[in-house]
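Colleague: kindly return the folded structure for what I paste below:
(2 chains)
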There are 2 protein chains.
Amino acid sequence: MNEVAGRRARSGGGATRRAERTAVSFESARFIQRNIPNFEILNEEALQIIEWNAETVLEEIGVNFVENPGALDLWRAAGADVKGERVHIPRGLARKLCATAPSSFTQHARNPERNVEVGGRNLVLAPVYGPPFVRDAEGGRRYATLEDFQNFVKLGYMSKWLHHSGGTVCEPTDIPVNKRHLDMLLAHMVLSDKPYMGSVTEPSRAEDSVTMSKILFGDAFVDQNTVMTSLININSPLTFDGIMMGALEVYAKANQAAIISPFIVGGAMAPVTVAGTLTQVLAEVLAGVAYSQLVRPGAPVIFGAFVTSIDMNSGAPTFGTPEAAHITYGAGQLARRLNLPYRSGGSFCGSKLPDAQAAYETANSLNMALLAGVNFMLHACGWLEGGLVSSYEKFVMDADQLGTLHHLAQGVMMDTNGQAMDALREVGPGGHFLGCSHTQSNFKSAFWRSDLFDYKPFETWAEEGARDTQALAAERVKKQLADYQPPEIDPGTREALEAFVATRKAAVPDAFI
Amino acid sequence: MNEVAGRRARSGGGATRRAERTAVSFESARFIQRNIPNFEILNEEALQIIEWNAETVLEEIGVNFVENPGALDLWRAAGADVKGERVHIPRGLARKLCATAPSSFTQHARNPERNVEVGGRNLVLAPVYGPPFVRDAEGGRRYATLEDFQNFVKLGYMSKWLHHSGGTVCEPTDIPVNKRHLDMLLAHMVLSDKPYMGSVTEPSRAEDSVTMSKILFGDAFVDQNTVMTSLININSPLTFDGIMMGALEVYAKANQAAIISPFIVGGAMAPVTVAGTLTQVLAEVLAGVAYSQLVRPGAPVIFGAFVTSIDMNSGAPTFGTPEAAHITYGAGQLARRLNLPYRSGGSFCGSKLPDAQAAYETANSLNMALLAGVNFMLHACGWLEGGLVSSYEKFVMDADQLGTLHHLAQGVMMDTNGQAMDALREVGPGGHFLGCSHTQSNFKSAFWRSDLFDYKPFETWAEEGARDTQALAAERVKKQLADYQPPEIDPGTREALEAFVATRKAAVPDAFI
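Modeller: The predicted model follows:
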């Protein structure tokens, strides 16, 4: 199918069917366009020290490109000093290579209203990525299945403040490991019309992601546009493994976007200090982005930083901590100085339950990510237990809180209506503003309110069962999944996607490791 | 008793008694000294518009000083246009009067190690203020008693990250309303050695607060030093009632500090827009601070802003919202341009329980207050249900989270140790940092960790009862109250305080309204 067919599908159907669809349409906010400053924690001198040190790391210590002779050839040709699998990158070379990467790009969705602009002062929010477990209030913690995966895609599609359908919203462990990417992509493509991520666990699965995207968008459209943003993790410290780089190569060649991201528990995979970790993050991203540009100059990439701290007592990763905030703020400054879009932040927490610990840690993480200038936030909702668990209740709790980021980013309206001098004059000392004309005319746009939290008087709340946030969220999950209706899709496209999945699944035996 | 006696008491007792004391001493952090920038949401033009508009409000609309002929006389003499109880303050006059207020001041504690500096780049944290109810996990929600009050003072004294004992940590509703201030002050003075607040509910109770402080610190010391910071709320919009102003007059004359603070639910007591609310906040603080300086030039005051938003559906106040953050950021900028210490923020939430809603809203509020440059944070822990409830569990949960603000405020260390180049060289690509010498030598200072949250592996956590944060906090409350031991106090001082309380109580009949 091609792009034209896709458009026709969206306008197809009789008047009755359209009316039905209107009744179940789900409001979705546009990606965040910031009208507030970034929080800049590092001064110019600190930034220059870190940038100098990162170049020292690249030149003197070097980075490993493992099981990837082609990468070593590219680096050698670019002027790096390659010894075995160790690549020593002369000072300034990596930064120079990064200059061809675009400072922002459009990721297209099959519904063009859901397109996102990644970069600049924008913030795109995508859900949790990667957990092998799910948890809900009723069933507790268990291995995730394809049904769970589909449920999370549905919840993401219905979440007003979520701009992106994400990638591995949980691992469908009931599907063979070498085939589950096909079912995951099919779910994102069919159950949602928001932008999505491709598979990275094998280069061939990245190829499948490109092929399925071509079925959905049309060959020519995918050749000319970015329709996927995928997550390429660096094996910190300073190691780029062949499989992840293989996936990166597929995406870069196809002009599809990649987040190039250190994955760091500070103190374990990076030094125990903030400045040391930032140095390593910058060195790793410089090397990774430079490599993407060696593969295809101009390929869209994102400066990624997944960094958390460690509990020095137990060795457990910890979330929502001050040091993680320092690193997130600092990495944002480094990314902007490279003119690259920036990925960091998320609904991070270490708690086993969607309780107060989870919410403190998550709110700390979400707030710092907004102010750090993050452009693409993976894990923006649903993350629990250090990323081991996708939580149904926390997904809708976090997704609701993402509304606060939208309103925070709007900044302060300073027009005549915002100044409200008429209201002050009308009401005067000792008066009340609720009834004044200014309040009435700003009634709807005035204040953000949660669609989930309890704002009722104590007595009403007690009569209704004295429910906590988890109980309210569990109710919301049930209601949303019951109300879900899929976005329109051309039946021929859907059949073609399903046929491709079936063919690819039949071609090889199941593998579970 | 005098200051010298107080000092002697602290060094009194034999070696055995000292050893016992050492065993139960409670670590307390010094007030926060920021090494990070403030977040400035308003540009110069916006600030000038708000400042201009606030002066317009003062001149054209005016403010009411109710049932306070003395205040009207002072304003008239200063050059204001007084009509009835309405005071029209010519443009520029209030700001000029504010200039005599100090930009920072020391509040002394009876233990000089607990003295706090209010102003500059500092942040002093004080607990929840005012709730008539308490809640704990076991007993639920109930009217607060003096025993609850004493318990919260004990918890505050034992909280490492809390610098201040506060004021009305809950209302001891079992004590007559005209006498409870005596028991409250006695508790702060005897059960804690951190700085405290005075009574403001009647001018005579403010006088009692000064008298008791003189018993504790000595007459001369109190005459020459600030030993109380008390909360003077403005009756927004634009109204200064006689009782609160009477208390302010007592404290200003005694050179004791006052927070002069609008109390605003936006949309009800102020316009529904951020800029309009900031205009009103500034006008009210200008008038209140100017009045304090008319009473006594140089009296220490704090620019207060308690502002939250309203749920336009139900009329309930809402907390942790983006608009409250905008106002808190903006008011901080306005306070700094007036060279006044700034009070705002707190562990605000609307939730009925110390659950996820409470924690999201609280973390939103705490983070924005730190970055807004707040100097004095009342309600920093223990606030629940829109301030109707002091929660035992939330008190210790929030008090633990206050540690994150201390670490955030430290900023990023950029010395050689912080840069960690030796660690990067020692470990190299593919290595592990936990065992390296840099990590070992920075083991203790590296990362903040919660003393409350669960960082254990899932299996351990499940075996131990799969407890949520509230359950962990309930255990901590019990342990802290069991472990509590009072700070040393000179027995003569204690007896003198108790005698004063008894005498004052006997002098008048009980009143319960």
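
Colleague: CA atoms for contacts and neighbours, from now on please.
Modeller: OK.

Colleague: so A:Ile89 versus chain B, what's the distance?
Modeller: 14 Å (Cα to the nearest Cα, to the nearest Å).

Colleague: what sits against that residue?
Modeller: By Cα atoms under 8 Å, 6 or more residues apart in numbering or on different chains, the contact set of A:Ile89 is A:Leu58, A:Glu59, A:Gly62, A:Gly79, A:Ala80, A:Asp81.

Colleague: what count of nearby residues applies to A:Trp461?
Modeller: Each residue near A:Trp461 was counted by other Cα atoms under 10 Å in any protein chain shown, and the total is 15.

Colleague: let me fix that: A:Thr308
Modeller: Using other Cα under 10 Å, A:Thr308 has 24 other residues around it.

Colleague: go on, the one 4 residues further on?
Modeller: Other residues near A:Met312 come to 21 when the count uses other Cα under 10 Å.

Colleague: then the one 5 residues further on?
Modeller: Here the neighbour count serves as a burial measure; for A:Pro317 (other Cα under 10 Å) it reads 21.

Colleague: and the one 5 residues further on, by the same measure?
Modeller: Counted with other Cα under 10 Å, the neighbours of A:Pro322 add up to 26.

Colleague: now do the contacts for the residue lying closest to it once chain neighbours are set aside.
Modeller: Nearest residue to A:Pro322, sequence neighbours excluded (Cα to Cα, 6 or more residues apart in numbering or on different chains): B:Leu408, at 4.8 Å. Contact partners of B:Leu408, counting by Cα under 8 Å, 6+ apart, are A:Pro322, A:Glu323, A:Ala325, A:His326, B:Ile36.

Colleague: what's the closest of those residues to A:Ser445?
Modeller: A:Ala325 (30.9 Å; Cα to Cα).

Colleague: the closest one falls within a strand, correct?
Modeller: No: under DSSP: H, G, I helix; E, B strand; the rest coil, A:Ala325 falls outside any strand and is assigned helix.

Colleague: neighbours around it, how many?
Modeller: 28.

Colleague: ok, now how distant is it from A:Thr503?
Modeller: Remark: distance between A:Ala325 and A:Thr503 (Cα to Cα, to the nearest Å) = 46 Å.

Colleague: ok, A:Ala270 next?
Modeller: From A:Ala270 to A:Thr503 the distance is 43 Å (Cα to Cα).

Colleague: these two: which has the busier surroundings?
Modeller: Ranked by neighbour count (other Cα under 10 Å), A:Ala270 and A:Thr503 place A:Ala270 first, with 33 against 11.

Colleague: and A:Phe443, what pLDDT?
Modeller: Looking at A:Phe443, its pLDDT reads 80.

Colleague: what's the answer for A:Lys456, then?
Modeller: 95.

Colleague: tell me the contacts of it?
Modeller: A:Lys456 neighbours (Cα under 8 Å, 6+ apart): B:Ser314, B:Ala316.

Colleague: in chain A, where's the longest helix?
Modeller: If you go by DSSP state H, chain A has its longest helix at helix A:274-295.

Colleague: does that one come close to chain B?
Modeller: Yes: with Cα under 8 Å from any Cα of the partner chain as the measure, helix A:274-295 is seen reaching chain B through A:Val274, A:Ala275, A:Gly276, A:Thr279, A:Gln280.

Colleague: I'd like those as CSV, with neighbour count and pLDDT appended.
Modeller: CSV is the format used below for these (neighbours: other Cα atoms under 10 Å in any protein chain shown; pLDDT from 0 to 100):
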residue, neighbour count, pLDDT
A:Val274, 29, 97
A:Ala275, 29, 98
A:Gly276, 28, 98
A:Thr279, 28, 98
A:Gln280, 30, 98
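
Colleague: closest to B:Thr239 out of those residues?
Modeller: Closest approach between these and B:Thr239, by Cα to Cα: A:Val274, at 48.6 Å.

Colleague: got the contact list for the residue nearest to that closest one when sequence neighbours are not counted?
Modeller: Closest residue to A:Val274 apart from its sequence neighbours, by Cα to Cα, 6+ apart: A:Ile327 at 6.0 Å. Neighbour list for A:Ile327: A:Val274, A:Ala275, A:Thr277, A:Leu278, A:Val307 [criterion: Cα under 8 Å, 6+ apart].

Colleague: ok, which pair from those is furthest apart?
Modeller: Greatest spatial distance in the contacts of A:Ile327: A:Ala275 and A:Val307, 12.5 Å, computed using Cα to Cα.

Colleague: need the residues of the stretch 51-200 of chain A near chain B, please.
Modeller: Along the stretch 51-200 of chain A, the residues adjacent to chain B under the rule Cα under 8 Å from any Cα are A:Asn53, A:Val57, A:Ile61, A:Gly62, A:Val63, A:Asn64.

Colleague: so for the fifth one, what's the pLDDT?
Modeller: As predicted, A:Val63 sits at a pLDDT of 98.

Colleague: and if you look at the second one?
Modeller: If you check A:Val57, the pLDDT there is 98.

Colleague: would you double-check that it falls in a helix?
Modeller: Yes: when three-state DSSP is applied, A:Val57 is found to be in a helix.

Colleague: number of nearby residues for the nearest residue to it once chain neighbours are set aside?
Modeller: Once flanking residues are discounted, A:Val57 sits nearest to A:Ala283: 6.6 Å by Cα to Cα, 6+ apart. Counted with other Cα under 10 Å, the neighbours of A:Ala283 add up to 28.

Colleague: wait, what's in contact with the spatially closest residue to A:Asp355 that is not a sequence neighbour?
Modeller: Spatially, and ignoring its direct neighbours in sequence, A:Asp355 is nearest to B:Ala356 (4.9 Å; Cα to Cα, 6+ apart). Residues in contact with B:Ala356, defined by Cα under 8 Å, 6+ apart, are A:Pro354, A:Asp355, A:Ala356, A:Gln357, A:Ala358, A:Ala359, A:Tyr360, A:Asp468, A:Thr469, A:Gln470.

Colleague: try 10 Å
Modeller: When contacts are counted by Cα atoms under 10 Å, 6 or more residues apart in numbering or on different chains, B:Ala356 touches A:353-360, A:362, A:394, A:397, A:453, A:468-470, B:362, B:469.

Colleague: how about the strands in the stretch 201-350 of chain A?
Modeller: All strands of the stretch 201-350 of chain A, identified by DSSP state E, counting those that start in this stretch, fall at A:229-234, A:239-240, A:257-265, A:301-304, A:306-310, A:317-318, A:342-343.

Colleague: same list (those) but as TSV, adding mean pLDDT and distance to A:Asp415.
Modeller: Formatted as TSV, the strands of the stretch 201-350 of chain A follow (pLDDT from 0 to 100; distance: least, Cα to Cα, whole Å):
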stretch	mean pLDDT	distance to A:Asp415
strand A:229-234	98	38
strand A:239-240	98	51
strand A:257-265	97	39
strand A:301-304	98	36
strand A:306-310	93	39
strand A:317-318	96	43
strand A:342-343	98	32
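
Colleague: from the stretch 101-250 of chain A, which residue is nearest to chain B?
Modeller: Using Cα to the nearest Cα, the single residue of the stretch 101-250 of chain A nearest to chain B is A:Leu238, 4.6 Å away.

Colleague: verify the stated contact: that residue with A:Ser261.
Modeller: No: between A:Leu238 and A:Ser261 there is no contact under Cα atoms under 10 Å: 11.2 Å.

Colleague: more crowded one of these two?
Modeller: Neighbours were counted for A:Leu238 and for A:Ser261 using other Cα under 10 Å; A:Leu238 has more, 30 against 26.

Colleague: ends of stretch A:248-265, what's the gap?
Modeller: Using Cα to Cα, the end-to-end distance of stretch A:248-265 comes out at 23 Å.

Colleague: distance from that stretch to the middle of the chain?
Modeller: Relative to the chain's own centre, stretch A:248-265 is displaced by 13 Å; criterion: Cα atoms, centre = their mean, to the nearest Å.

Colleague: swap in stretch A:311-328?
Modeller: That offset, for stretch A:311-328, works out to 20 Å (Cα atoms, centre = their mean).
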